[in-house]
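Participant: Here is my input; please provide its structure:
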Amino acid sequence: MKAVYLTGLRQMDIGDEPEPKIEKGTDVLLKIERIGVCGSDVHYYETGRIGSQVVEYPYITGHECAATVVDVGDEVTRVKAGDIVAIDPAVSCYQCAQCKLGRENTCYNLRFLGTPGQGHGCLCEYLVMPEDSCYPTHGAITLEQAVMCEPLSIAAYSVQQAKLPKSANIAILGAGPIGLCTFVSAKAENINTCYMTDKIDARIEAARKAGATWAGNPDKQNIVEEILKQQPLGLDVAFECAGEQKAIDQCIDLLRPGGTLILTGIPRLDRISFAIDFLRRKEITIVNIRRQNQCTQKAIDLIASRNVDVDFMITHHFPLEQTQEAFELVAGYKEGVIKAMIEV
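Facilitator: Numbering: from 1, shown residues only. Okay, here's the model as predicted:
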């Protein structure tokens with residue numbers, strides 16, 4: 001089968017990989033149809049690592065995908081050949097102490113699609129995943145919407161963990177796919193206001209069109225001052241979706257006493273810091289988001305119910321043979337890209 005390999009920093013090649021086989025009764029053989037390019041994939045493309053997870057070349061990355069079921073193991077009951085499925089890239093053991101606490105997302109034995117040291121990714125024609133990672137769409141959503149269920153599930157989990165108060169006033173710093181997915185997830189919870197920021201004007205405009213109360217560029221204006229003019233008592237919750245130190249600091253400045261900071265973005269740095277005097281005086285609660293936990297079906301249901309719109313985030317399409325062009329586009333934030341989609 002065809003597969004796209006990372007072969008060095010900002011280097012990709014297409015090659016041949018043996019087709020995977022069903023080995024366990026719970027295995028599902030998948031034909032990959034669509035793949036989304038995620039910011040974490042781009043981290044591996046640009047730097048060869050995320051923290052302690054270091055690429056050994058050649059390596060197949062990618063974890064956002066939708067697929068058609070080709071065949072199933074003899075113990076599979078959830079899906080059958082011909083089904084279209086959204087994929088949860090996290091594979092938990094369901095046996096460890098974390099799993100038994102209902103925290104499959106922090107499973108001690110977690111394996112994640114397209115993560116060095118855990119398994120190769122989905123930038124290929126065929127893939128085998130366990131039944132528990134395969135969510136049938138029953139024709140309720142499109143292939144591309146099924147791909148978007150992965151970032152939307154993280155956003156839905158972030159909103160769930162925020163425990164939003166009634167008619168909440170929130171900020172989302174970073175209007176990329178995760179930030180915009182967080183907005184549409186929060187909007188489905190009947191928030192009062194949402195203030196969004198990004199350094200890319202096309203994404204600011206996308207946030208405005210999606211219904212954000214206000215959207216601005218931190219490189220062009222004092223976003224804390226502008227938002228606090230409208231919310232002088234501060235905000236209930238701030239979602240940091242950019243993975244940037246300055247955005248974390250701005251979130252703390254925007255929060256009211258007793259507010260909650262949700263850290264969803266993945267920093268490229270090994271360490272971040274907090275102004276502890278402001279953090280302590282305001283008694284800010286910090287919540288870290290580790291991917292998602294049992295929210296894939298929720299993401300499918302949100303899209304199928306038309307309570308959220310993800311289609312406007314899909315801005316670019318590429319064939320598998322042009323995967324490197326897709327990664328370069330996303331890495332350079334070119335042409336107003338939000339989500340680049342690869343068709344296999």
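
Participant: Now do the helix or strand hosting Thr182, average pLDDT.
Facilitator: Assigned by DSSP states H and E, Thr182 falls within helix 177-187. Across helix 177-187, the average pLDDT comes to 98.

Participant: cool, stretch 34-49 as well?
Facilitator: 94.

Participant: That stretch: end-to-end distance?
Facilitator: Stretch 34-49 has an end-to-end distance of 24 Å (Cα to Cα, to the nearest Å).

Participant: about what we covered before: and the helix holding Thr182, what does it pack against?
Facilitator: Contacts defined by 3 or more Cβ pairs under 8 Å, 6 or more residues apart in numbering; DSSP states H and E place helix 177-187 against helix 143-162, strand 169-173, strand 193-197, helix 201-210, strand 235-240. Glycine gets a C-beta too; all of them are placed from N, C-alpha and C.

Participant: Who are the packing partners of the first one?
Facilitator: Packing contacts for helix 143-162, counted by 3+ Cβ pairs under 8 Å, 6+ apart, involve strand 27-36, strand 64-72, strand 84-87, helix 177-187, strand 235-240, strand 255-263, helix 296-304, strand 339-343.

Participant: chain center to it, what's the gap?
Facilitator: In terms of Cα atoms, centre = their mean, to the nearest Å, the centre of helix 143-162 is set 7 Å apart from its chain centre.

Participant: tell me the angle it makes with strand 64-72.
Facilitator: Between helix 143-162 and strand 64-72, the angle comes out at 110 degrees (axes from the mean of the first three to the mean of the last three Cα atoms, to 10 degrees).

Participant: One more: the fourth one?
Facilitator: Here helix 201-210 runs at 80 degrees with respect to strand 64-72, directions being taken by the same axes, to 10 degrees.

Participant: Name the residues that touch helix 201-210?
Facilitator: 175-176, 179-180, 183-184, 196-198, 215-217, 309, 312-313, 336, 338 (Cβ atoms under 8 Å, 6 or more residues apart in numbering).

Participant: hmm, which of these are the buried ones?
Facilitator: Among those, those classed as buried by 16 or more other Cβ atoms under 10 Å are 175-176, 179-180, 183-184, 196-198, 215-216, 313, 338.

Participant: Of those residues, which is the nearest to Met129?
Facilitator: Distance ranking of the buried ones among the contacts of helix 201-210 against Met129, using Cβ to Cβ, places Met313 first at 24.2 Å.

Participant: What's the local residue count around Glu189?
Facilitator: 15 (other Cβ atoms under 10 Å).

Participant: For it, give its distance to Ile342.
Facilitator: Applying Cβ to Cβ, to the nearest Å, the value for Glu189 to Ile342 is 31 Å.

Participant: Surely Val55 is in contact with Arg49?
Facilitator: Yes: at 6.4 Å, Val55 and Arg49 qualify as touching, with contact defined as Cβ atoms under 8 Å.

Participant: Mutual contacts of those two, please.
Facilitator: Among the neighbours of Val55, those also in contact with Arg49 (Cβ under 8 Å, 6+ apart) are Pro116.

Participant: tell me, what residue is most central in the chain?
Facilitator: For the chain, the residue nearest the mean C-alpha position is Pro151 (3.1 Å; Cα atoms, centre = their mean).

Participant: correct me, but that one touches Ile178?
Facilitator: Yes: counting by Cβ under 8 Å, Ile178 is a contact partner of Pro151 at 5.5 Å.

Participant: give me every residue that touches the spatially closest residue to Ala212 that is not a sequence neighbour.
Facilitator: In this structure, Ala212 finds its nearest non-sequential neighbour in Met196, 4.5 Å apart by Cβ to Cβ, 6 or more residues apart in numbering. By Cβ under 8 Å, 6+ apart, the contact list for Met196 reads 171-173, 175, 179, 183, 204, 207, 212, 214-216.

Participant: make it 6 Å
Facilitator: Residues in contact with Met196 (Cβ atoms under 6 Å, 6 or more residues apart in numbering) are 172, 175, 207, 212, 215.
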